[in-house]
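model the following, please.
(2 chains)
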2 protein chains.
Amino acid sequence: MARRIGIKDVAAAAGVSTATVSHVLNRVEGKRISEETRQRVWKAAGELGYAPNGLARGLRMQRSQTIGFVSDEIATTPHAGRMILGAQEAAAAEGLVLLLVNTSGDAELERASIDMLLQRRVDGVLYAAMYHRTVELPDALRATPTVLLDAGSADPAVPSVVPDEVQGGYAAVRELTDHGHRRIGMIVQTVDLPARQGRLEGYRRALAEVGVVYDPSLVAAETAVPFNTVGGDVEAGYRAARRLLTTERRPTALFCFNDRMAAGAYRAAAELGLTIPGDLSVIGFDNQELVCESVHPQLSTVQLPHYEMGARAVAQLLALTKSPGRPPGPGMNELLPCPLVARASVASPSRL
Amino acid sequence: MARRIGIKDVAAAAGVSTATVSHVLNRVEGKRISEETRQRVWKAAGELGYAPNGLARGLRMQRSQTIGFVSDEIATTPHAGRMILGAQEAAAAEGLVLLLVNTSGDAELERASIDMLLQRRVDGVLYAAMYHRTVELPDALRATPTVLLDAGSADPAVPSVVPDEVQGGYAAVRELTDHGHRRIGMIVQTVDLPARQGRLEGYRRALAEVGVVYDPSLVAAETAVPFNTVGGDVEAGYRAARRLLTTERRPTALFCFNDRMAAGAYRAAAELGLTIPGDLSVIGFDNQELVCESVHPQLSTVQLPHYEMGARAVAQLLALTKSPGRPPGPGMNELLPCPLVARASVASPSRL
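Predicted structure coming up:
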């Protein structure tokens, strides 16, 4: 490997002091250095290929060794941490760091943030949603390698990494049927999201597998107010569970759209004098530990693979930047599995 | 404002094409460009002060308009999001972005991460702990403007922003005494942290204010296993609360070290047939919404000001970078207030 060119080399070549080199190259103002000397220093630096630091190296390579991480609502979700960590560790393994911007869902702020990233010549951008949904890629990112993280696009040419909601819903309900449950209710919120569609589809598949005919009266939907808040989800889960658990032939188990709705189901069960899991099995979705381990008994659930999504999105981005000619295809729309996390809220329906 | 110098200006001054300018300045290999032409381009670029992009501008100013955000355990805490958001929004207001690295508490990784940031010439560094504790500033950061975030240092010359644990503990217990409680238990974990010391001190102050003599038998400490996990804290809270609630003269209210321990106290109360807040008032600390709003009734608590800490740390850092000569003093060790968040778990001890 060639010896790294230092400021001393430039100084020697230009016949000036290292201080002068520094002043010229850093364009320090108010120093009395003749125009002729300045030009000699620039010429020497150029000839020697002097790279004072990472910035200069980035400039030379036209690569900054940074990845922009654009997210909509980083603060409002505890998922953000694991997604960022997954991306950050995968990036660090390649000597890259994350430049983080948050848009709070504001279009104007998003434009400004993306400009800021492009101006810094990021090698690529992760465009992250804080819950799985369909987004439109901002025009400003069309010319930059970009991977959607926890978000899909109507345009399949935009690469993405999302959780496999269908498989996750299937895994959750399979845990219930494996314990012998057949009369299984599902509680969901009403907003139409990929997560809602997918988890419902997984519910139906798992039931079909054990020969149970889908019964829409066992699916209770309630609107979470406000949308996507803890309190809103818990309350909607409470109402939906109360509804299902006060029917004549109540279900022996509930599959809840997320852990927060499951916490509401716990409250409904307690009010009705039903013990979990003796009288009622409950399974959630997301694996938000703060919920799952705060309720008693601890909640069995299915994990959203946030860490893995962050890491896979970086891997996809690196593949894109390394072969910029390769057109993204369907293989770049990646579904990651959601594994079961069994705790203490599922048992056999022995008492019924 | 002067017109921005573009690549065309450099090309015109050097008498070459813009493509040649680009090839030379970006040091594209394998182009047949004579040494004489290369030197002419570098000279012209230098004379005109050509700044092709943000990277080059950063190089010229020796400032990258980025702030390094070094954290130890971003993924394991849902607090991280709000702290990062506070820092990110305060930075964005000044046209700065955050370069994010996570060390997972590993000294080797920390050294490498900090090197990576310094190489990118960050304007300064926020060194963040994900819970309030005392840290030693890495040597590599001694020469760079650095502010500790949610962490204190044994060396008061290192600026820091931390929550005011004493005031927070006082606010929590004051909420109980304001409702008429006098026999107030406290449950804590056993590890000696600034948060533990401060919240205990606040507890004693609030009691003293209403003339209640501190009674150490009302403070129950249990070890959380594993440390700093949801399940460990909930279980420790459960054990500590059971202990206090089964004494002959049980307290009418509990101040819990954090919301997770409070969730354990809810379980102990339910087992003992005590309703909250009718038979027992409970107050937590941290305001982790996923816990506070998942339990029933919703938990009153005191908020850790994570967003504000992130924002204030950036403000301190900007002050440091703007007046690098100013020595940090005690004024730079900033305590932020922890406001009360009243929900539904505190009432007057009417039934007793």
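
how many residues are close by A:E201?
By other Cβ atoms under 10 Å in any protein chain shown, 15 other residues sit near A:E201. Yep, even glycine has a C-beta here, placed from its N, CA and C like the rest.

kindly report the same for the one 3 residues further on.
When neighbours are counted by other Cβ under 10 Å, A:R204 registers 19.

which residues sit against the host helix or strand of A:M116?
Element membership for A:M116 (DSSP states H and E) is helix A:107-119. Outside helix A:107-119, the residues that touch it by Cβ atoms under 8 Å, 6 or more residues apart in numbering or on different chains are A:68, A:70, A:99, A:101-103, A:125, A:138, A:140-141, A:144, B:53-54, B:92, B:95, B:97.

and for stretch A:85-94?
Counting by Cβ under 8 Å, 6+ apart, A:67, A:69, A:97-98, A:126, A:149, A:306-315, A:318, B:74-75, B:100-102, B:109, B:113, B:116 sit against stretch A:85-94.

please pick the buried ones from these.
For these, a neighbour count by 16 or more other Cβ atoms under 10 Å in any protein chain shown gives the buried set as A:67, A:69, A:97-98, A:126, A:149, A:306-315, A:318, B:74-75, B:100-102, B:113, B:116.

which parts of the stretch 251-352 of chain A are strands?
Counting by DSSP state E, counting those that start in this stretch, the stretch 251-352 of chain A has strands at residues A:253-256, A:281-283, A:301-302, A:333-336, A:340-341.

so is the first one next to chain B?
This points to strand A:253-256. No - shown here: strand A:253-256 not in contact with chain B (Cβ under 8 Å from any Cβ of the partner chain), separated by at least 12.1 Å.

paired strands for that strand, with orientation please.
With DSSP bridges as the test, strand A:253-256 is paired with strand A:184-189 (parallel), strand A:281-283 (parallel).

can you lay out those as CSV showing mean neighbour count and mean pLDDT?
Output for the strands paired with strand A:253-256, formatted as CSV (neighbours: other Cβ atoms under 10 Å in any protein chain shown; pLDDT from 0 to 100):
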stretch, mean neighbour count, mean pLDDT
strand A:184-189, 26, 97
strand A:281-283, 28, 98
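
can I get these in TSV with distance to B:C292?
Output for those, formatted as TSV (distance: least, Cβ to Cβ, whole Å):
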stretch	distance to B:C292
strand A:184-189	20
strand A:281-283	20
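
how near is the closest residue to A:Q288 other than its chain neighbours to A:R343?
With sequence-adjacent residues excluded and distances taken as Cβ to Cβ, 6 or more residues apart in numbering or on different chains, A:Q288 is closest to A:D259, at 4.7 Å. For A:D259, the distance to A:R343 equals 11 Å [Cβ to Cβ, to the nearest Å].

common neighbours of the two, please.
By Cβ under 8 Å, 6+ apart, the residues touching both A:D259 and A:R343 are A:C292, A:L299, A:T301.

isn't the first one up against A:F285?
No - counting by Cβ atoms under 8 Å, no contact exists between A:C292 and A:F285, whose distance comes to 10.5 Å.

pull up the overlap in contacts between the two.
With Cβ under 8 Å, 6+ apart as the test, A:C292 and A:F285 both reach A:D259, A:T301.

how is chain A divided into domains?
Domain ranges of chain A: A:7-52, A:66-163+A:307-336, A:165-304, per automatic domain parsing.

reformat these as a markdown table; add distance to B:V158.
Shown next, in a markdown table, are the domains of chain A (distance: least, Cβ to Cβ, whole Å):
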| stretch | distance to B:V158 |
| --- | --- |
| domain A:7-52 | 28 |
| domain A:66-163+A:307-336 | 24 |
| domain A:165-304 | 31 |
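
wait, which of the ones you listed is closest to B:L274?
Among these, the nearest to B:L274 by Cβ to Cβ is domain A:165-304 (14.0 Å).

chain center to that closest one, what's the gap?
Its chain's C-alpha centre lies 23 Å from the corresponding centre of domain A:165-304 when counted by Cα atoms, centre = their mean, to the nearest Å.

endpoints of that domain, how far apart?
End-to-end span of domain A:165-304 (Cα to Cα, to the nearest Å): 9 Å.

what are the ranges of the helices in the stretch 101-250 of chain A?
A:107-119, A:165-178, A:194-209, A:230-245 (DSSP state H, counting those that start in this stretch).

okay, who's weakest in the contacts of helix A:107-119 by pLDDT?
By pLDDT, B:G54 ranks lowest within these, coming in at 44.

quick one on the thing from earlier: keep the shared contacts of A:D259 and A:R343, but drop any that are not near chain B.
A:C292.

in PyMOL, select just the buried ones from the shared contacts of A:D259 and A:R343.
In PyMOL, this line selects whichever of the shared contacts of A:D259 and A:R343 come out buried by 16+ other Cβ under 10 Å:
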select buried, chain A and resi 292+299+301
